[in-house]
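A.B. asks: Just need the structure, nothing else, for what follows:
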Amino acid sequence: MATDSPHSETFKEKLRQLQDYSACDVSDALLKLQKTEPGEVPRAGFLVDIGPVPLPQQHAETDHKIVAPACTLKLVSKYSRVEAAPAAENTVPKGSHWVDLTEPDTVVVIDQPEAQKCAAIGGIMAQRMKVRGVAGCVVGGRVRDMTELRSSELPIFALGKSTVGTNAESMVYARNVPVSITGVSVSPGDIVFCDPLEGVVVIPQDLLDQTLALMPKLVSADEKVKEAVAKGVSVAEAFKTFRG
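C.D. replies: Below is the predicted model of the structure:
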């Protein structure tokens, strides 16, 4: 399926339209659109337990959503054998640093091994991403340097904190490859919807148009349900009438 160029005005308008909705609205749409295998629990794009850092209030006060395509980074343990080398175009060239290759107007999504206790990023990385024009950063792991992260003004969402630097356990495996964040697959170019009040949801790029088309209908139905319930109608009756 053809997709719009991330630099096109059409694509930018779609991202702007997403700002009118919440992460819950996005997940409601994805719950209907995404196919699951028998016995598989639907995730609807939600990155469980990923929240804003260093302080939730920093984001909640502004209620500023971050909506942008993903640019991914996969970390691995420096003590484990890597079975296969990544493709050349996904490696970080010798003498370079991954953060200097981050792309403006993207959300950098970092996949950190689950058991690691070190931080995937700290103050220096956050400041460099901000200078590079990165829209935000989602870390499937830990971060450190809370004061510096706050002063960088880069919106950051993560699982937790650490005081230990990245090199204690981690090394970069590849950039712009498919990654998994709390069990949800994220590919480069997928749309990352960071809602400081509700959480982070990832929209597969091939479902963007369908998500945008479905959300207004779902939101409209829910508004009618709320109005009816406020007037004394039972939830069961309101659901039957407006949700079908």
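A.B. asks: wait, what's in contact with the residue positioned nearest the centre of the chain?
C.D. replies: Among the residues of the chain, the one closest to the centroid is residue 192, at 3.9 Å (Cα atoms, centre = their mean). When the contact criterion is Cβ atoms under 8 Å, 6 or more residues apart in numbering, the partners of residue 192 are 66-70, 107, 109, 136, 138, 186, 200, 202. Heads up, the C-betas are built off the backbone N, CA and C, glycines and all.
A.B. asks: Can you pull the phi/psi pair for the nearest residue to residue 153 once chain neighbours are set aside?
C.D. replies: With Cβ to Cβ, 6 or more residues apart in numbering as the criterion, residue 153 has its nearest non-adjacent residue at 6.4 Å, and that residue is residue 130. Main-chain dihedrals, residue 130, degrees, to the nearest 10: phi -60, psi -40.
A.B. asks: Please enumerate the strands of the protein.
C.D. replies: Ranges of strands within the chain are 51-53, 66-77, 107-111, 119-121, 136-143, 156-161, 170-175, 179-181, 184-186, 191-195, 199-203, based on DSSP state E.
A.B. asks: could you check the angle strand 199-203 makes with the longest one?
C.D. replies: Going by axes from the mean of the first three to the mean of the last three Cα atoms, to 10 degrees, strand 66-77 is angled at 90 degrees with respect to strand 199-203.
A.B. asks: So what pairs up with the residue nearest to the centre of the chain in the strands?
C.D. replies: Per DSSP bridges, residues listed as beta-bridge partners of residue 192: residue 68, residue 202.
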